[in-house]
Structures are given as C-alpha cells and as structure tokens.
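A.B. asks: predicted model, plus sequence, below.
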Amino acid sequence: MDREEDMSITGKRHPFLYKYRVGFNSNGIVIAMDIKVYNNGGYSLDLSDCVNRRGCMCVDNAYNIANIRVEGIVCHTNLPSNTALRGFGLPQTAWVTENIITNIAAYLGKQDNEIKEINMYKNGDHTYFGQLLEDVDNLRRCWNEVLEKSEYETKLKEVQKFNSENIWKKRGIATVPVKYAICFESPFCNQGGSLVHIYKDGSVLVTHGGIEMGQGLHTKMVQIAAKALDCDPNRVYLSESSSSLVPNASSSAASFCSDLYGMAVKDACEKLAERIAPVRKVNPDKDWNAWIFEAYMSRIPLSATGFYQMEMSENEEPMGFKFAYFTYGAATSMVEVDCLTGDHRVMGTDAVMDLGRSLNPAIDIGQIEGAFTMGMGLYTLEQERISPSGFNYSRGPGVYKIPGFGDIPGYFNVHLLQGTRNPHAVHSSKAVGEPPLFLGSSVFFAIKNAVRAYRNDEKASMIKTNDEKPSKLFVFNSPATSERIRMSCADDFTAQFAKKDIQISGKSWVVEP
C-alpha cells in the first residue's frame, strides 16, 4: 500500500465541533458553561464514543467551572472511520475551553493569564465529575515556574513594543496549562503482567505485556528490574512482548504502560529478590553472579510472574469513576506572524511538567519535546481537505503538512518540576506520553494573540463593518494554517474575497471534516 492509498482509507484523529454558552462575571470568573461536543466518527463507531466521552471528561482542562453541562454526540459521516490517537479526546476539548478563556479575556479587555489564574484549580477543589484533586497545587507550581523561567512579563512587554513599531509583522505570546487524567476508564484494562527469569550465569530476562514503540518503555523496565533486584542494569535483558509469555495484556495506551508494567515487573523482581536474600546474607562478600549460581545450586526457583492491578474506587465519585491521578504541565510560546502572507515563526518555547520522580529524565524530556511538536502540528499545520462526497484531497505531504526542521521553536527549554511525589505509580513517577501534547496549543494561542494585535492596530488599513473597528472576538479555528491566519488579519486585502467558499457547479469544492 502506498502513501496515497493509506491516507485515503485510514481513519485519523477525530475532528470536533462545539456549540456552547458561557456565563462569567466582570472579574472573568466562569460561572457556568453549557456545551455540546460533536466528533466526526466516520462510517463506523470504532472508538469514537470512547474518545468523545473521554473528551467530555477533560473539557474543564485546568479550570474550576462551578456549573457545567456537557453533552457528547458522535456523528455518523461518509468518511473513513476515525479512531484513537495520542491524547484521546483531551487535545480537542481542552482546546475549546482554552479558546473560551481567551475570548473572555478579550471581551473584558484583560490579559489572558489573568483570567486563567483566577479560574485555575487549587488544592481541595473537585473536578466537575466529583473527583478530589489531591496534588493540583503542582499545576500552579508548573504555571508559576514556566512564567518565571520564560521571563513572561519581560517578553510580553517586548512583544507589545514590537507590535507598536511594526504594521505587517506582529508577535504573540501565550501560556497554556494542562491537567491530564491517567488510567483507563474501563476497570478491566487497568491490569498488567510480567515474567522474569534469572539464569544461572546471572543474566536476567524480563518480559512484560507492554509494547515498545520508541517511547523508552523497555529502558524503564530494565531500570525498575535492576533496582528491585539490586543488580547491574547491564545484566538485565528484555524479551519482545508475546502473549505466549504474558497473556491477556492490556493495550499499550493511555500513557499508562510504565505504571502498569513497571509495577508488574517490580512485583516479580521483588519475589525473586526475597528468594535469593538468604544467599546474599550468607555470602556478603560475593558478587551477583556468584549469588545467583549459589541460588541455582541450592534449588531456589529463579523464575517468577508479576501482576499489578490499579486500585479502583468506582463507587466513591458522583459519576461512578475515579482516575488514578493527574499529570500537570504548562508551556509558554512566542511567535512572529507575517500578516501579509499568513506565515508564522515559532521564536521559542519554555515548558514545565510535573512527572513526579521521573523514572528516566532523559527519556521523559524527549517525550515532552516530541509530544509538544506533534501537538504544534495538530494545531497549526495539519489540515484535511475533503470533498462533499467524502474524497480526501490530503493524500500526501504535498497537501498535508507536518512539522519540519524549520517549524520547531527557535529555543526549546524543557524543565521537570522538582520535589514532587506520586504515591499512585511506580517509584512515585507520573505518566508522560500524552499530557504534553496539548502544550503545543500554546503556539496556536500565541498566533491568535498576534492576529488580534494586527486587527487592533489603528495603523493597519482596516475594512470596518459600519465604519467600526473589527471585533475583539473573531472565529479562529484550528489548525492555524497560513490561509486562516491571513484571512483573520482583517484588512482591505481580505475584504476583496467573498466569505463563502469557491463554488463549482453550485457545490462547495471542499468541506471541513
């Protein structure tokens, strides 16, 4: 199958549509939100219902909304069946809430961050589905730390100065928080197994139910095994996952593999460590290889299975479900937009993530960078073009753009929050795979702020409805492609184009999926 065929028939991340009403006071505190969440499922249900439901549970993102009603609706369309992708609903629904918050700030004439901070969760708060947020102060710590490390206030003044001195180029800066719930919603998925063998030469073979796909899972399992057995990590080897060795494995998804299989590997290794402990006690001067050989000669079993099931408290919450914990983070991005062409440049990004006590900081920072870049592509570049009959025009890199070398931030500083713990995961760590993806939206909102600066610039040649200044509130959908950026920079050039799509035989040539 070539690339064009693959992109024509394979489902992708769900497009979402929102209809909402929001109530807020003069200070910017959100009093109520009533929102309908539609996602495009394609021709079959697949995981569309699960993605929609998870998205609805994440629609609050980092904000405590006192009164909220969310209705999720899956739409049956003539497109390939869309399916799960990194983020599983949160990147779509958290985006609309962030958009609402920025619109409130624009309406009230306040800074975005002021509205975000007064609505942000604090310790003792509950989610709208009733779960107590035990360590949500770490969210505010991430927020405050990224503002400090990025020198946000200084850069905001630099952005404002640049915008006052330039007409056709504008800069924008934005900070975005994220609160990502961890664990599978289906209780039966929250289990994992492992099988560990120690051979008489001292080598250790670990098998677990997770799939290594470049996220560093195997490396972390080696570290966990070596720590539990108190041996050299170089003596630990990984066997590829196989249902003949570890049956009934759950999906390698939900950013939960290190938690599930790390605890399972730790369980098996602790059993083995307990068995060989008497040998080590009798022979304290010998090394690992000698201890294992002595254990073998003493007919001590050197193979063990491990198992872990996450503690579930299904009936404690009003909605009958409780996530294991939440991963928090925040990112600040600054961009420069060419208002005549719609092109943009990401000048730099600073990010701070709360990953508890990271199992492997090098891997986790790489995961943050990769997820951010993937999210940046989602919110600024990757747009599908579909005909009304369902034909996909976006069948290759000529039309469908993903981030390249020139798209990544000019500087990219990633920091892990220090001094945090997480009693709900292996070695007090936290999940990292999916949470940072939403931070890529900081680029989108920085672009939106740059576009707003252009629309508000009196020196730019504006076409005004009824001779009025363009509205502070304007529709700016994701992804923020060059076309959308240019057309949102309202002036006498954009006014020459009809607002409706180009018509061919009375029908629109393209629709938004």
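C.D. replies: Happy to help now that I have it.

A.B. asks: pretty sure residue 374 is in a helix, no?
C.D. replies: Yes: the assignment for residue 374 (DSSP: H, G, I helix; E, B strand; the rest coil) places it in a helix.

A.B. asks: my guess is it contacts residue 85, does it?
C.D. replies: No: the pair formed by residue 374 and residue 85 falls short of the contact definition of C-beta atoms under 8 Å, at 9.3 Å. The C-beta positions use only the backbone N, C-alpha and C, and glycine is treated the same way.

A.B. asks: just want to know which of those two has more residues nearby.
C.D. replies: residue 374 (21 against 18; other C-beta atoms under 10 Å).

A.B. asks: distance of that one from residue 227?
C.D. replies: 31 Å (C-beta to C-beta, to the nearest Å).

A.B. asks: how many neighbours does residue 27 have?
C.D. replies: 11.

A.B. asks: checking it next. Helix, strand or coil?
C.D. replies: Under three-state DSSP, residue 27 comes out as coil.

A.B. asks: low-confidence regions, the stretch 201-350 of the chain specifically.
C.D. replies: 312-321 (pLDDT under 70).

A.B. asks: which parts of the stretch 301-450 of the chain are helices?
C.D. replies: Counting by DSSP state H, counting those that start in this stretch, the stretch 301-450 of the chain has helices at residues 361-380, 441-455.

A.B. asks: could I get these as a markdown table with mean pLDDT?
C.D. replies: Formatted as a markdown table, the helices of the stretch 301-450 of the chain follow (pLDDT from 0 to 100):
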| stretch | mean pLDDT |
| --- | --- |
| helix 361-380 | 98 |
| helix 441-455 | 97 |
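
A.B. asks: and those helices as CSV, adding distance to residue 97?
C.D. replies: Converted to CSV, the helices of the stretch 301-450 of the chain look like this (distance: least, C-beta to C-beta, whole Å):
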stretch, distance to residue 97
helix 361-380, 14
helix 441-455, 11
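
A.B. asks: closest to residue 234 out of those?
C.D. replies: Closest to residue 234 of the helices of the stretch 301-450 of the chain, according to C-beta to C-beta: helix 361-380, at 17.4 Å.

A.B. asks: if we can go back for a sec, so which of the helices of the stretch 301-450 of the chain comes closest to residue 163?
C.D. replies: Using C-beta to C-beta, the helices of the stretch 301-450 of the chain put helix 441-455 closest to residue 163, at 4.6 Å.

A.B. asks: ok, and what's touching the helix or strand following the closest one?
C.D. replies: As assigned by DSSP states H and E, the chain's next helix or strand after helix 441-455 is helix 482-488. By C-beta atoms under 8 Å, 6 or more residues apart in numbering, the residues outside helix 482-488 that reach it are 337, 339-344, 447, 451, 455, 474, 476-477, 494, 497.

A.B. asks: buried members of the residues you listed into ChimeraX, please.
C.D. replies: Here is the ChimeraX selection string for the buried members of these, based on 16 or more other C-beta atoms under 10 Å:
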select :337,339,342,344,447,451,455,476
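
A.B. asks: looking at the contacts of helix 482-488, which is nearest residue 423?
C.D. replies: For those, the nearest to residue 423 is residue 447 (39.4 Å; C-beta to C-beta).

A.B. asks: related to what we said a few turns ago, closest one to residue 54 out of the contacts of helix 482-488, please.
C.D. replies: So of these, ranked by how close each gets to residue 54 (C-beta to C-beta), first place is residue 477, at 21.8 Å.

A.B. asks: which residue packs closest to that closest one, ignoring adjacent ones?
C.D. replies: residue 484 (6.7 Å; C-beta to C-beta, 6 or more residues apart in numbering).

A.B. asks: and the longest helix for the protein?
C.D. replies: The longest helix of the chain (DSSP state H) is helix 257-282.

A.B. asks: and it with helix 361-380, angle?
C.D. replies: Orientation check (axes from the mean of the first three to the mean of the last three C-alpha atoms, to 10 degrees): helix 257-282 against helix 361-380 gives 180 degrees.

A.B. asks: if you count neighbours, what's buried in the very next helix or strand once past helix 257-282?
C.D. replies: Going down the chain from helix 257-282, the next helix or strand is helix 288-297, by DSSP H and E. Residues 288, 291, 292, 293, 294, 295, 296 are the ones in helix 288-297 that count as buried (16+ other C-beta under 10 Å).

A.B. asks: ok, of the residues you listed, which one's closest to residue 419?
C.D. replies: Distances from residue 419 to the buried residues of helix 288-297, taken by C-beta to C-beta, are shortest for residue 288, at 33.1 Å.

A.B. asks: so how far is residue 295 from that closest one?
C.D. replies: In terms of C-beta to C-beta, residue 288 sits 11 Å off from residue 295.

A.B. asks: go on, residue 151?
C.D. replies: For residue 151 relative to residue 295 (C-beta to C-beta), the value is 57 Å.

A.B. asks: most neighbours per residue, which of the helices of the stretch 301-450 of the chain?
C.D. replies: Highest mean neighbour count of these: helix 441-455, a mean of 26 (counted as mean count of other C-beta atoms under 10 Å).

A.B. asks: so what does it touch, helix or strand wise?
C.D. replies: helix 90-108, strand 169-182, strand 325-338, strand 344-354, helix 361-380, helix 482-488 (3 or more C-beta pairs under 8 Å, 6 or more residues apart in numbering; DSSP states H and E).

A.B. asks: for these, which one sits closest to residue 440?
C.D. replies: helix 361-380 (2.4 Å).

A.B. asks: gap between that closest one and the chain center?
C.D. replies: When C-alpha coordinates are averaged (C-alpha atoms, centre = their mean, to the nearest Å), helix 361-380 and its chain have centres 8 Å apart.

A.B. asks: same for that helix, what does it pack against?
C.D. replies: helix 90-108, strand 344-354, strand 412-416, helix 441-455.

A.B. asks: I'd like those written out as CSV, with distance to residue 128 added.
C.D. replies: Output for those, formatted as CSV (distance: least, C-beta to C-beta, whole Å):
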stretch, distance to residue 128
helix 90-108, 11
strand 344-354, 21
strand 412-416, 29
helix 441-455, 21
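
A.B. asks: closest to residue 265 out of the ones you listed?
C.D. replies: Between the helices and strands packed on helix 361-380, strand 412-416 lies closest to residue 265; by C-beta to C-beta that is 22.9 Å.

A.B. asks: in its sheet, which strands sit next to the closest one, and in what direction?
C.D. replies: strand 344-354 (parallel) (DSSP bridges).

A.B. asks: buried ones in the strand it pairs with?
C.D. replies: 344, 346, 347, 348, 349, 350, 351, 352, 353, 354.

A.B. asks: again with stretch 194-210
C.D. replies: Buried, per 16+ other C-beta under 10 Å, within stretch 194-210: 194-198, 202, 204-210.

A.B. asks: nearest to residue 167 among those residues?
C.D. replies: The closest of these, once distances to residue 167 are taken by C-beta to C-beta, is residue 210, at 53.7 Å.

A.B. asks: which residues touch that closest one?
C.D. replies: So residue 210 contacts 192, 217, 221, 241, 249, 252, 257, 258, 260, 261 (C-beta under 8 Å, 6+ apart).

A.B. asks: one step back: out of the buried residues of stretch 194-210, which one sits closest to residue 54?
C.D. replies: The closest of those, once distances to residue 54 are taken by C-beta to C-beta, is residue 210, at 20.5 Å.

A.B. asks: next one: phi and psi at the closest one?
C.D. replies: phi -80, psi 160 (degrees, to the nearest 10).

A.B. asks: quick check: it vs residue 238, distance?
C.D. replies: From residue 210 to residue 238 the distance is 10 Å (C-beta to C-beta).

A.B. asks: and what of residue 267?
C.D. replies: From residue 267 over to residue 238 (counting by C-beta to C-beta), the distance is 17 Å.

A.B. asks: and for residue 263?
C.D. replies: 17 Å.

A.B. asks: cool, and residue 151?
C.D. replies: Taking C-beta to C-beta, one finds residue 151 at 43 Å from residue 238.
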